[in-house]
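Asks: need a 3D model of the sequence below.
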Amino acid sequence: MATETLPTYYDVLQVERDASPERVRGAYRRLAQKYHPDKMPGNANAVRAMAAINAAYEVLSDGHRRAEHDLWIRRAEHTSRAPVPAAPPVPATLWAFLHPATHWAWYLLGGTFLFVLGTLLTAIYLTAMPARPSVKAEPCKLSAPAAQARCVASR
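Replies: A predicted model of the protein is given here:
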């Protein structure tokens, strides 16, 4: 896996990060003579290259702005090296996957599903079954001892 480097003003002037101010000035003069638009008339790339060279020299020749640029590079490198979050571990056993302490939401969902299913089946059963005939209550008679179990005492 190739790592992409961040283009910096050091790369524009083709100097090391710890280059002395004299080395930065020498690199600027060398590149300015090479890419100056007067030496390459009509070349739009020369104008853009010279603008980048001038901007890089302005920053790297000033000590305070160079320190800010170095800080920016360190922060960019630090964020580019951020660790990739690891994937969640795969459970080793079925119980580890179904453990109520870690997967309580599935138990709640399953319980709700069973309650709804039971309610629906009860409603379907009560709708589909015919009504039972009701037993008519008769007053108790003294002559029929077997029927006394079904009779209702009248007042």
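Asks: tell me how far stretch 57-73 lies from the chain's centre.
Replies: Taking C-alpha atoms, centre = their mean, to the nearest Å, one finds stretch 57-73 lying 36 Å from the centre of the chain it belongs to.
Asks: and for stretch 44-62?
Replies: For stretch 44-62 - counting by C-alpha atoms, centre = their mean - the centre lies 40 Å from the chain centre.
Asks: go on, stretch 71-88?
Replies: Here stretch 71-88 is found 17 Å from its chain centre; the criterion is C-alpha atoms, centre = their mean.
Asks: what distance separates the start and the end of it?
Replies: Across stretch 71-88, the terminal residues are separated by 35 Å (C-alpha to C-alpha, to the nearest Å).
Asks: switch to numbering from 256
Replies: Will do, 256 is the new start, and the previous item becomes stretch 326-343.
Asks: all strands of the protein, in order?
Replies: With strands called from DSSP state E, the chain shows them at 393-394, 406-407.
Asks: pick out the shakiest of those strands, pLDDT-wise.
Replies: Note on those: lowest mean pLDDT is at strand 406-407, with a mean of 56.
Asks: got a list of what the residue nearest the centre of the chain touches?
Replies: Geometric centre of the chain, nearest residue: residue 340, 10.5 Å, by C-alpha atoms, centre = their mean. The contact partners of residue 340, by C-beta atoms under 8 Å, 6 or more residues apart in numbering, come to none. For every residue, glycine as well, the C-beta is placed using N, CA and C.
Asks: what sits against residue 295?
Replies: Taking C-beta under 8 Å, 6+ apart, one finds residue 301 in contact with residue 295.
Asks: many thanks, we can stop here.
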